[in-house]
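**Q** Below is the sequence, then the predicted model.
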Amino acid sequence: MALDFNYWLQPALQDPRTYGLFFLLGSFTVASLSDIRRMSAQSEFLHIWILALLALFVVDVYLLRGPEADRFAVKWGAITVLSLMSYRGVGVIFKLEWGDVAAIAAVCGILSALMVPIFFAILVVSNVILVPLLRKFGHGNAYPFMPVVTAATLISIPVASFLQGLNLVL
């Protein structure tokens, strides 16, 4: 069975999602600064990111057509499972609060089905690299996580573009 990467990467960062990306990056920047200064982003960000996630879900439902249903199901299933595995109550990938999880899920709503797990991998690597720098802004074992989300989001943009440009069929 051939695996068509182009099929799974589409739409990686196309129109309404691109505008959503810029909006999220702006909110992430402000939330990251707040997180570094106070170890807490304002609760309004949680509501913004949940609304963004819902809007991106609606866009995907609106754009849903026959053969894309499997890609839709994989993408939103992966977002749900990986996000829940990142919540502090479950804590398999990370032990995050709902605000951080909502920010991650909102980014994933912009990405393609294949990019969702790749984004989580980028998030894990970014976390390993940034933890030593961010610990000095935290308390005990806690540290500001929004800078990690922001960095992983910025890294995922060229990664998605590169993978989309490969046009691989395996």
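**A** Yep, that arrived. Residues are numbered from 1 along each chain as shown.
**Q** Residues in contact with stretch 75-90: which ones?
**A** Contacts of stretch 75-90 from elsewhere in the structure, counted by Cβ atoms under 8 Å, 6 or more residues apart in numbering, are 57, 60, 91-98, 100-101, 104-105, 108-109, 111-113, 116-117, 120. From N, CA and C alone the C-beta is placed, and that goes for glycine too.
**Q** helices or strands next to whichever helix in the chain runs longest in the packing?
**A** Secondary structure of the chain per DSSP state H: the longest helix is helix 15-38. Using 3 or more Cβ pairs under 8 Å, 6 or more residues apart in numbering; DSSP states H and E as the contact test, the elements touching helix 15-38 are helix 43-63, helix 98-110, helix 146-166.
**Q** could you check the angle helix 98-110 makes with that helix?
**A** Our comparison of helix 15-38 with helix 98-110, counting by axes from the mean of the first three to the mean of the last three Cα atoms, to 10 degrees, yields an angle of 160 degrees.
**Q** buried residues in helix 15-38?
**A** By neighbour count, with 16 or more other Cβ atoms under 10 Å as the criterion, the buried positions of helix 15-38 are 17, 20-21, 24, 27-28, 31-32, 34-36.
**Q** Out of the helices and strands packed on helix 15-38, which one sits most buried?
**A** Taking mean count of other Cβ atoms under 10 Å as the contact definition, the stretch among those with the greatest mean neighbour count is helix 98-110, which reaches a mean of 25.
**Q** host element of I118?
**A** Under the criterion of DSSP states H and E, I118 resides in helix 115-134.
**Q** ok, back up a step: and the direction of the longest helix of the chain versus that of helix 146-166, what angle?
**A** Using the same axes, to 10 degrees, helix 15-38 lies at 150 degrees relative to helix 146-166.
**Q** pLDDT below threshold where in this structure?
**A** Judged against pLDDT under 70, the low-scoring parts of the chain cover residues 1-17, 41, 167-170.
**Q** With just CA atoms, put stretch 135-148 into CSV.
**A** As requested, the backbone C-alpha atoms of stretch 135-148 are provided in CSV (Å, rounded to 0.1, in the frame of the first residue of the first chain):
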residue,chain,number,x,y,z
ARG,A,135,13.3,26.9,35.0
LYS,A,136,14.7,30.1,36.4
PHE,A,137,11.3,31.8,35.8
GLY,A,138,9.4,29.1,37.6
HIS,A,139,8.8,27.8,41.1
GLY,A,140,10.0,24.4,42.2
ASN,A,141,9.5,21.9,39.3
ALA,A,142,7.1,24.3,37.5
TYR,A,143,8.2,26.5,34.7
PRO,A,144,6.4,28.7,32.1
PHE,A,145,5.3,26.4,29.2
MET,A,146,3.8,28.9,26.8
PRO,A,147,7.3,29.9,25.5
VAL,A,148,7.7,26.2,24.6
